[in-house]
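Q: Let me see the structure of the following:
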Amino acid sequence: MELKAAVLVSTLLCLALSRGALSQRAPTVETPAPAPAPAYVDLADLLSLAGPYGTFLDYLTKTDVIKTFQSQANDTKQGITVFAPLDSAFAAVDGAALSNLTTDQLRSLMLHHAMPRYYPLSAFSKLAAASPVSMFAYKADVTDRAGIIGVVSGWATAKLVSSVYSTLPVAVYALDSVLLPKEIFPTAPEITPPPAPAPAPGLGAKPMDDAPGAGERGAKADGGDKGSSCRVGAGRLLAGYVVLMVCGFLMM
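A: Alright, predicted model coming up:
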């Protein structure tokens with residue numbers, strides 16, 4: 001009986017010691033999930049979907065400058081400002097002037113169309129005052145005349161025609177001309193100006209027949225002519241009748 005009691009006590013003591021050891025075990029620490037990577041603007045997709053910037057994007061891709069721009073766009077500390085000429089701007093430049101450029105010259109020309117920092121539209125007045133400004137290659141002058149922003153480089157005076165995208169760290173602005181730095185073009189390339197837009201409907205002079213009241217005036221004029229013709233005819237008939245009476249009187 002005493003042996004059974006001793007075994008029971010020993011068993012209970014072991015269970016108590018085991019629970020104490022388990023309760024003193026170090027707690028499990030869960031490793032936090034890694035923070036999601038920031039979402040960057042894909043410049044190639046942006047230029048492809050935004051509008052008529054296919055020629056500019058083709059040159060960026062051909063020269064691998066798109067990689068340089070994308071790397072800068074991913075740098076949220078500085079960002080990037082891209083000046084994208086419209087397709088019509090490239091079409092206006094003499095084709096030989098661009099096709100005769102070396103690979104390095106073409107690459108420099110593309111690098112000349114961006115600044116290695118993000119600038120919203122509100123910053124361009126200060127940029128104009130601080131001109132010339134540094135591009136990825138060479139320098140250019142920024143102008144701000146009564147809110148009309150321009151970029152002057154060598155043989156080109158381009159106008160900023162629209163804001164394609166502007167959210168830190170990326171800004172993309174559309175230009176109506178290709179920048180033509182003298183470092184690349186010693187002489188001015190031939191530029192074909194775009195055709196003048198057709199006049200808007202309603203701005204030209206209306207034909208007289210379409211003018212308000214033209215039909216009424218025409219009807220009045222026609223009526224007046226008919227009245228005059230009738231009076232002239234009646235006068236001639238009366239004069240003939242008088243002549244006949246005179247001739248008859250003389251023959252009597």
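
Q: C-alpha from now on. contacts and neighbour counts both.
A: Will do.

Q: all strands of the protein, in order?
A: Listed in chain order, the strands of the chain (DSSP state E) span residues 80-85, 114-115, 133-134, 139-145, 148-153, 156-167, 170-175.

Q: What is the fourth one packed up against?
A: Counting by 3 or more CA pairs under 8 Å, 6 or more residues apart in numbering; DSSP states H and E, the packing neighbours recorded for strand 139-145 are helix 124-129, strand 133-134, strand 148-153.

Q: just checking, what packs against the last one?
A: With contacts defined as 3+ CA pairs under 8 Å, 6+ apart, strand 148-153 has these neighbours: strand 139-145, strand 156-167.

Q: low pLDDT regions in the stretch 1-150 of the chain?
A: For the stretch 1-150 of the chain, the stretches flagged by pLDDT under 70 are 1-38.

Q: ok so, going back, quick one, which of the helices and strands packed on strand 139-145 is nearest to Leu98?
A: Among those, the nearest to Leu98 by CA to CA is strand 148-153 (16.1 Å).

Q: partners of the closest one in the sheet?
A: strand 139-145 (antiparallel), strand 156-167 (antiparallel) (DSSP bridges).

Q: of the ones you listed, which approaches Ala84 most closely?
A: For these, proximity to Ala84 was assessed by CA to CA; strand 156-167 is nearest, at 8.9 Å.

Q: relative to strand 170-175, how tilted is that closest one?
A: Relative orientation of strand 156-167 versus strand 170-175 (axes from the mean of the first three to the mean of the last three CA atoms, to 10 degrees): 150 degrees.

Q: hmm, who's touching strand 156-167?
A: Contacts to strand 156-167, defined as CA atoms under 8 Å, 6 or more residues apart in numbering, come from residues 50, 120, 148-152, 171-181.

Q: Appreciated, that's everything.
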